[in-house]
Each structure stands twice: as structure tokens, then as C-alpha cells.
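Visitor: need the 3D shape of this:
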Amino acid sequence: MAVNRFWQVIFGQGLVRTPEDFGSQGEIPTHPGLLDWLARDFVEHGWDVKRLVKQLVMSETYRQASEVAAEVIHADPENIYLARAPSYRWPAEMLRDQALAVGGLLVEAVGGPPVKPYELAVSFKPAKPDSGAGLYRRSIYTYWKRTGPAPVMMALDAAKRDVCRLRRSQTTSPLQTLVLMNGPQFVEAARALAEGLLQKPQGDLDTALVELFRTMTSRRPNETELSVLRRLHDMQLHRFQADPDNARQYLEVGEKKRSADVDEVRLAALAAVANTLFGLDECMMKQ
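Guide: Numbers count the residues shown, from 1 in each chain. Predicted coordinates for the structure are as follows:
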């Protein structure tokens with residue numbers, strides 16, 4: 001069961017695809033010989049979790065590309081035969097932590113009491129959000145009620161804790177994009193990322209857009225993607241130039257104070273581009 005659990009974390013689906021019923025009434029393993037070998041190897045090496053995880057992520061199976069031909073997907077839509085790498089959306093906690101990290105806001109301190117981000121003030125009245133470092137702690141420390149996760153987490157498929165769940169559901173809905181583009185934590189992180197880029201002595205807009213895209217996707221944009229980013233930036237720039245008050249309100253989201261050295265219209269336009277990229281597949285999906 002332990003090996004199946006780690007396989008599920010790394011590949012998205014376990015070798016036994018009913019981890020909540022790991023017995024005669026559950027599904028049989030898709031690769032029973034592989035599961036038996038991994039389990040025996042795991043025990044013989046002293047239940048070494050670090051070694052097991054390294055073994056899985058360094059395997060040829062894991063290091064495959066997730067992009068495959070249409071006929072392969074048609075023949076094996078659930079990837080039972082492991083002909084491609086896994087592809088699935090990151091868990092809710094990772095999406096939030098990733099946004100804070102790229103914005104330079106994430107507080108990585110270990111341990112301590114639970115903390116309350118912005119949205120808990122609305123959902124768990126009369127609770128008030130924390131201030132300072134408490135807003136930017138890793139999501140594992142977020143205050144949580146047994147039957148009510150933080151709203152952002154719930155929208156991104158975090159499970160309630162009234163019962164034990166060995167796997168989360170995976171849904172796709174417009175509400176998730178709405179959260180990523182409008183949640184105060186994500187808007188604030190996008191603004192912090194954009195501000196850091198504009199404060200660098202880098203010169204032109206294209207350099208800032210390339211660095212923004214590279215920071216969020218770990219690769220440089222191609223010419224088509226860069227052209228789309230330019231158009232989006234120009235649209236947002238014109239919108240904020242026509243309504244500076246709107247730009248100012250947008251930049252006031254979140255507790256972190258912005259630098260007075262950066263032009264607010266330019267900052268708002270680049271922040272809107274960064275905020276849009278939070279909903280990009282490459283930023284949301286494990287590929």
C-alpha cells in the first residue's frame with residue numbers, strides 16, 4: 001500500500017487505482033509484477049522513502065514526454081500502459097505556494113500555529129486574516145475547519161477532512177480560473193512579481209515579458225507566444241492609462257506595499273499579464 005501511495009503521488013494514479021479499497025473488492029493492479037517488485041525492494045532497503053521516490057522519478061517511465069500522438073491517447077486514454085508521462089493539475093496547496101514563490105512572497109519558515117489568509121475573513125466569520133508573514137506562510141499551515149477547507153483550496157479540489165481520503169477528485173471548471181485571476185493572494189503575488197521585474201535594469205518590454213514567462217514556466221516563450229504577451233500587455237496598458245484610478249485600485253489588493261519608484265500604470269499592466277499566466281496550463285499542470 002505504501003508503494004502504491006507514492007506511485008499515486010508521482011504519477012497521478014496508483015498501480016492499484018482504488019487506494020481507498022486496497023483489497024479483494026477494489027481494482028486489481030494494472031501492473032501486479034511491478035507493484036510486487038517495488039514493494040519487496042522497498043522493504044529490503046529498510047523502508048527508505050527517499051530512495052523509493054528517487055527510483056521512481058529517475059525511471060524511464062516517469063521521464064517520458066507527456067505529449068503523445070492522438071492514436072496513442074485514443075488507444076489508452078487513462079495511460080494504463082504507461083506509454084507517456086503523467087499530466088494533471090497541481091494540488092491546491094502547490095498552486096498557491098507556487099504563486100507566492102514566484103512573487104517572492106513565500107515565507108518558508110517551518111513549524112508554528114495555523115495562519116489565516118485573506119479569504120478566511122469572509123468564510124469563517126468572525127475570524128480575521130493574519131497580517132505580515134502570516135499571510136504568506138506555506139499552505140500546509142492554513143487554518144482549516146474539518147468540513148470546510150479554505151475557499152481557494154475548495155475551489156481547486158482540496159478535500160474536506162470529515163473522512164479520510166486517499167485521493168482527491170480532479171475537476172475542471174471556470175470557477176478555478178476565476179479564483180486564480182481574482183483571488184487576492186494571486187493578484188498580490190502577480191503584482192509583486194511584476195514589480196520585481198520592472199525594478200531590474202533590463203531595458204525594453206520584451207525583456208521583461210520573456211523573463212516573466214521564463215519565471216513562471218521555466219522556459220523562454222517562442223515568437224508566437226511573445227507576440228500574444230505583447231498584445232495582452234498593450235491592451236492592459238491602454239486600459240489603465242485611460243483609467244488611472246482603476247490601476248491604483250488594482251495595485252492596492254493585498255497587504256504588501258508597492259514601491260513608489262515604479263510607475264503604477266506600467267506596473268498594473270505587467271501585473272495583469274502575470275496574473276493571466278497563473279491560469280496557463282504550463283503553470284497549473286504537471287507535464
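Visitor: ok, E60 - contacts?
Guide: Under the criterion of C-beta atoms under 8 Å, 6 or more residues apart in numbering, E60 has no neighbours. C-beta here means a position set from N, CA and C on the backbone, and glycine is covered the same way.
Visitor: quick one: the helices in the chain, in order.
Guide: Along the chain, the stretches classed as helices by DSSP state H are 2-11, 32-44, 49-57, 70-75, 92-102, 120-123, 151-155, 174-182, 184-198, 205-217, 223-242, 244-251, 264-277, 281-284.
Visitor: buried ones in the last one, by neighbour count?
Guide: Residues of helix 281-284 classed as buried under the neighbour-count rule (16 or more other C-beta atoms under 10 Å) are C283, M284.
Visitor: only alpha carbons, please: show that helix as CSV.
Guide: What follows is helix 281-284 as a C-alpha-only set of coordinates in CSV (Å, rounded to 0.1, in the frame of the first residue of the first chain):
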residue,chain,number,x,y,z
ASP,A,281,-1.8,25.1,-18.5
GLU,A,282,2.0,25.1,-18.1
CYS,A,283,1.7,26.9,-14.8
MET,A,284,-1.2,24.8,-13.5
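Visitor: helices or strands up against it?
Guide: With contacts defined as 3 or more C-beta pairs under 8 Å, 6 or more residues apart in numbering; DSSP states H and E, helix 281-284 has these neighbours: helix 205-217.
Visitor: pLDDT score assigned to the nearest residue to V49 once chain neighbours are set aside?
Guide: Take V49 and drop its neighbours on the chain: the residue closest to it by C-beta to C-beta, 6 or more residues apart in numbering is F6, 7.2 Å away. F6 carries a pLDDT score of 91 in this model.
Visitor: model confidence for E211, exactly?
Guide: 92.
Visitor: actually G203, not the one I wrote
Guide: Looking at G203, its pLDDT stands at 68.
Visitor: contacting residues for the closest residue in space to T142 that isn't next to it in sequence?
Guide: With sequence-adjacent residues excluded and distances taken as C-beta to C-beta, 6+ apart, T142 is closest to A150, at 5.2 Å. Neighbouring residues of A150 by C-beta under 8 Å, 6+ apart: P117, E119, L120, S123, T142, Y143, W144, A158.
Visitor: sorry, back to before: tabulate the helices of the chain (CSV), appending distance to D21.
Guide: Shown next, in CSV, are these (distance: least, C-beta to C-beta, whole Å):
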stretch, distance to D21
helix 2-11, 12
helix 32-44, 15
helix 49-57, 23
helix 70-75, 27
helix 92-102, 24
helix 120-123, 32
helix 151-155, 25
helix 174-182, 28
helix 184-198, 36
helix 205-217, 38
helix 223-242, 44
helix 244-251, 48
helix 264-277, 39
helix 281-284, 29
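Visitor: could you give the separation of stretch 154-163 from the chain centroid?
Guide: On the basis of C-alpha atoms, centre = their mean, to the nearest Å, stretch 154-163 sits 16 Å off its chain's mean C-alpha point.
Visitor: F11 versus Q64, what's the distance?
Guide: 11 Å (C-beta to C-beta, to the nearest Å).
Visitor: neighbour count winner among these two?
Guide: Neighbours per residue, other C-beta atoms under 10 Å: of Q64 and F11, the larger number sits with F11, 20 against 14.
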